[in-house]
Each structure stands twice: as C-alpha cells, then as structure tokens.
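1. Dropping the sequence and predicted coords here.
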Amino acid sequence: MDTFDYIIVGAGSAGCVLANRLSEDGRFRVLLVEAGPTDGTPLISMPKGFGALLQSQSHVRHFDVAHEDKAMRKEIWPKGMTLGGSSSVNGTLYVRGQPQDYDDWEALGAAGWGWDVIGECYKQMEDNSLGADGVRGVGGPLHISPHPDRSPLSEAMIDAGVSLGLKRREDTNGLDQEGIGYTMRTIKDGVRVSASSAFLHPAKKRKNLIVETRVFVEKILFEGTRAVGIRCRQGDQSIDYKAGKEVILSAGSLQSPQLLQLSGIGSADHLRGLGIDVIQDSPGVGQNLREHWMNIVQQKLQVPASTNFQFGGFRLLVNALQYFLFKRGLMSTSSHEVIGFAKTRPGLDRPDAEIVFAPFSLVQGGEEAKFAFEPWHGIQMHGFQLRPESQGSVMIKSADPADQPVIKPNYFATENDRQTAISIVRYIRELLAQPALKDFVAEETLPGLDVQSDDEILSVVKKTGSSVFHASGTCKMGQDDMAVVDPELRVRGVSGLRVVDASVMPTLVSGNTNAAAMVIGWRGSDLILKDA
Ligand SMILES: Cc1cc2nc3c(=O)[nH]c(=O)nc-3n(C[C@H](O)[C@H](O)[C@H](O)COP(=O)(O)OP(=O)(O)OC[C@H]3O[C@@H](n4cnc5c(N)ncnc54)[C@H](O)[C@@H]3O)c2cc1C
C-alpha cells in the first residue's frame, strides 16, 4: 500500500488550496484524490462555458433533492466533479461576505475564525486587480477582477440602486457590504481562475504532490479510532492508500458528510439501521445543511439590451470566435454583471439580501427549471436571503458509496426566511420602478403584477426560484453537541481526520460561497501545518 503524510479527498475549492500549501515546503508527501477528470476542457477556462458544462455529465455530478414541502419546485443540484471542483463550473462571482459572518462563527464556538484572523487570510490569498487598500490582497495566488464592461443597462441598474439609497461601490467586497456595483470575479484576462488553476496547476510539478483523478473514495480506513487511510475505486479496481499523518476530507458539503457516515461517523442509530459499524456517534454529521434560495423577478425590456439572442446560431459562433481569438466579449464574463447588498426592511443593522442582475430572461413553466431563453428581450433580477435560518440535512440511505445521499434543504422553515423572500421581491420591484430604468423596462413577467399578497408572492417564488448551489454547514465546526469538527477542523471523537471545505461553516456567509470555501482551505492549511 502506498503511504503519504497527508491524503486530501476532493480537489475542489478547499482541496486545491490545501494541496498547494501542504506540499509547498517539500517536507511532506501529499496525495490529492479526485473523483472527476482533469480540467483541460476549454468549457472550464472560458467563464461562460459553465452553462454547457452544467448540463453534461462529464465534469459535474447531479444530485437529486428531496423536498418535503410539495409547493417547492423540483430541483437537481449540480456539483463540480473535476480538478477545481465546483470552482471550475461556477459563475465566478467572488464575494467574501460580511466581516460579522466570521465574528458570528467565532461567537458560535469557532474560536480563531473571527474577521481579525480570516480577513488576514483573505489578504494573503488574493491578487486583486484593484490594488491594495488595507482590506484587499495583492500578490497572492488568487486573481480577482471587477466586471470590465459598462453597458447602459448595467449603469442604469446601478443608478437605480443609488436612488434607493445604496452607495455605488468600485469594490463590492469592502468592509461595509451595503451598496451596489459591478461584480468582482475570479477571472484573469478573460480566463476563469478556478481553485485548480490558481493553486493546483502551479504546484503540480512538485515531486511530493501526487494527484490522482477519476478515483472515487469509498470510505476512510481506521485502526481503532485513528484514521489511517482511504479505500478507493478506480474502474473495477479497489485501491487503498495509507496516511502517516492525516486524512483530510474536502469532498464538499454533500459528500464529506456522506463519507463520514459511510465510514462509521454519524448518528449511531442511523448508521446501525444501515448495518454500518459505528466508530463515533456524532449526531451532527449531515445536519445543519444551509442553502440560499434564489427569488426571481423577470421583466420584459423595451429595448434590445439583453443577451437572449447571443447564445445560439451565428451569434454564438461569433461570440465564441471573439473569445478564442481575443479572450474578450460575452463568453469571457461572469454569470452576473451587477451586484447589490441591501437591507430589504427597516430596522436591520446589516444587509439581509444579495441582489444580482442577469441580462437575460428564461422561458417559464413546467415543474423543473429549464435553461431556454425567451424569444424577446428581457432580464432577470435574482435576490437571495444572505443568512437563512432554515436547516436541512444530507443523510445516506444505504451503505453503498455509489448511492446518493438523501438531500433535504428544508427551505423556508422559519417565518423570518419566508418574510425575507417576500421583502426581496418587493425590494426588487421598487428597484425596477426607479426613474433610471424607465427607458429600459417594459413589464414584469415574473412573478407578474397580479401576484401581490405575501402568500401569492411566496407561493410563486417557491415554484419559480432555484437553489444558488451554496450548500454548506453539514459538518459544522464548533464546540456544541452537534459540532462535527472542532475549531481546528479535527473530527471530534477520532484522531488523524479533518474536514476542510464548505461543510464546516456553522452558518452561511453573506454571499456566494467559493471565496469562503477557499479561505477555509487557507486557514485549514495553517492549522494543519501548525500541528505537523
Ligand atoms: C453551478 C454552481 C455555480 C456556483 N456559482 C458560484 C459563484 O458564482 N460564486 C461563488 O462564490 N460560489 C459559487 N458556487 C458555489 C461554490 O463554487 C462552492 O460553494 C464551492 O466551490 C465549494 O467548495 P468545496 O471545496 O466545499 O467543494 P467542491 O468545490 O464542490 O469540491 C469537492 C470535490 O470533491 C470531489 N469529491 C467528492 N466526493 C468524492 C469522493 N468520494 N472521492 C473523490 N473525490 C470526491 C468532487 O468531485 C469535487 O471535485 C457555485 C456552485 C455551483 C455548483
């Protein structure tokens, strides 16, 4: 059996950061194991290529979602399954969240994760094209840049936000999040910056870092309560690898809890019911699933200012050609161009919603979300509650590693979450009614102006919205009985095992989760190296 010091399971946002930093000084042999293939396809490096990738099976795994609330739209969650993980197939928005998010984690028991520490980690990790200002980082491995094109419609959207009281921001990742401006993105010169291209590619030539792709980890191997290695499947072959120091799970919020449960760490009753020997009774494994729900307001335009006709036929060819020749144009841009963080109700002390503008509109109808553009010009505004309280779960249903876990997001379980969704729709309607947009927008097509009462709005957003694909929290860190890992990310009750990915977040950060997943990898590396 081949032996390494550290084995990292999953080459996603956090796993790539770990692979780089743990192998950096050459002292340790590091194995990084990834279920998916390498990330050489141009559909990854071209930022807009993710639309096509998400519909394929090659670099993405699709998970069924079980809604107990039958009023919810049917959902399938895609997760990146390639080097870079979900950072290779995401919308490239870069959002750190609010400093208070990290202070909240610390207050919940995650000692050492407050903004004073995490703000510094961000600075070390980043290379922000806007330059240093005491908050941003420059010279780090992760390049970040603002959306470069200023279209009249985007400018009008920002002006509309300003007339509602939001400050115009050059950098939407400042310490005070409230405001509106162009999105910050993980894109450099028109090319996606994934966790793989930023952290793994530069480290791949190191002799002490071995990267295995298309290898699916089935369980963690234990001697007593010490994790000593992993069992994997590659095609028909079963392979074991041994870890001299630690096994680190970075398989993401759906598969890290799945792997713990398959390996005997989870709710003892649940595991015994599936015939799995219990190594550690840990009732929090798979609980505390947090996810953002995107509420959509769609509007017809009076002017031909959307991208609805740009992704088919001759125009797609021209856009692709422009991209491959010059790395410019539509295909070089992120999922959204303008982003705002707002307080949707009076009396709040910090923004409770992220509102993003997407310059396209989609055909509605049917039980499942479709990705077909409307045959006229339109736009979508996407708004989600930053810190939802609802908690779902990810639980295995059998001892077979190939079986998907049962995923229950449990959206809208609290009154605050329901009220915030309704406030978000009303806030977006007010934004779209501002004078700055009067020459652009024509009429609301979703939810539709006949939808006015709270109940009507909630019922429509449940049927027309979507997950934002930010699943987090299923192996939360902390010190209470439901905490799966301690603040040093060590799995409680066993040794030689950590979890380092988005699953350790005690609560969601106020924004998209890729930045936080990578900073967890960065901070996690510091903690591991401190103990090495
Ligand atoms: C479609 C989409 C769009 C998104 N858009 C944005 C955005 O614009 N901005 C933003 O900030 N966030 C976005 N996100 C969210 C963000 O990308 C994720 O939160 C983040 O990448 C999660 O990082 P992670 O390290 O926890 O897991 P991941 O990056 O998902 O990595 C987990 C890795 O582990 C591998 N793995 C899992 N199980 C096994 C196993 N058993 N054996 C071997 N390997 C395994 C997986 O294949 C994967 O590569 C988006 C996500 C998706 C899916």
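-> Yep, it's here.

2. Just the pLDDT for residue 73.
-> Looking at residue 73, its pLDDT is 93.

3. Pull stretch 441-451 out as PDB, backbone CA atoms only.
-> Below are the C-alpha coordinates for stretch 441-451, written out as PDB (Å, rounded to 0.1, in the frame of the first residue of the first chain):
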ATOM      1  CA  VAL A 441     -38.000  48.000 -18.600                       C
ATOM      2  CA  ALA A 442     -41.400  47.300 -20.100                       C
ATOM      3  CA  GLU A 443     -43.400  45.000 -17.900                       C
ATOM      4  CA  GLU A 444     -42.900  42.400 -15.200                       C
ATOM      5  CA  THR A 445     -43.500  38.900 -16.400                       C
ATOM      6  CA  LEU A 446     -42.500  37.100 -13.200                       C
ATOM      7  CA  PRO A 447     -44.000  36.800 -10.600                       C
ATOM      8  CA  GLY A 448     -46.400  39.000 -12.600                       C
ATOM      9  CA  LEU A 449     -48.200  42.100 -11.400                       C
ATOM     10  CA  ASP A 450     -51.300  40.100 -10.400                       C
ATOM     11  CA  VAL A 451     -49.100  38.500  -7.700                       C
END
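
4. pLDDT on that stretch, on average?
-> Stretch 441-451 shows a mean pLDDT of 96.

5. likewise stretch 303-322?
-> Here the average pLDDT along stretch 303-322 is 93.

6. Okay, now that stretch: how far is its last residue from its first?
-> Stretch 303-322 has its terminal residues 24 Å apart, counting by Cα to Cα, to the nearest Å.

7. just how off-centre is it within its chain?
-> Centre-to-centre, stretch 303-322 and its host chain are 27 Å apart (Cα atoms, centre = their mean, to the nearest Å).

8. Chain neighbours aside, what residue packs nearest to residue 49?
-> residue 43 (3.4 Å; Cβ to Cβ, 6 or more residues apart in numbering). All C-beta atoms are positioned from the backbone trio N, CA, C, and that covers glycine.

9. number of nearby residues for that neighbour?
-> 19 (other Cβ atoms under 10 Å).

10. How about the one 4 residues further on?
-> For residue 47, the count of nearby residues is 25 (other Cβ under 10 Å).

11. Please report how far it lies from the ligand.
-> 10 Å (Cβ to the nearest ligand atom, to the nearest Å).

12. Following the chain past the strand or helix carrying residue 354, name the next helix or strand.
-> Assigned by DSSP states H and E, residue 354 falls within strand 353-358. Later in the chain than strand 353-358, the nearest helix or strand by DSSP H and E is strand 378-385.

13. Who are the packing partners of that following strand?
-> For strand 378-385, the packing partners by 3 or more Cβ pairs under 8 Å, 6 or more residues apart in numbering; DSSP states H and E come out as strand 293-301, strand 353-358, helix 415-432.

14. Going by contacts, tell me the helices and strands next to the shortest one.
-> I take that to be strand 353-358. Where contact means 3+ Cβ pairs under 8 Å, 6+ apart, strand 353-358 is packed against strand 338-342, strand 378-385, helix 415-432.

15. what sits up against it?
-> The contact list for strand 353-358, computed with Cβ atoms under 8 Å, 6 or more residues apart in numbering, reads 93, 95, 154, 157, 183, 335-344, 379-386, 420, 423-424, 427-428, 431, 510-512.
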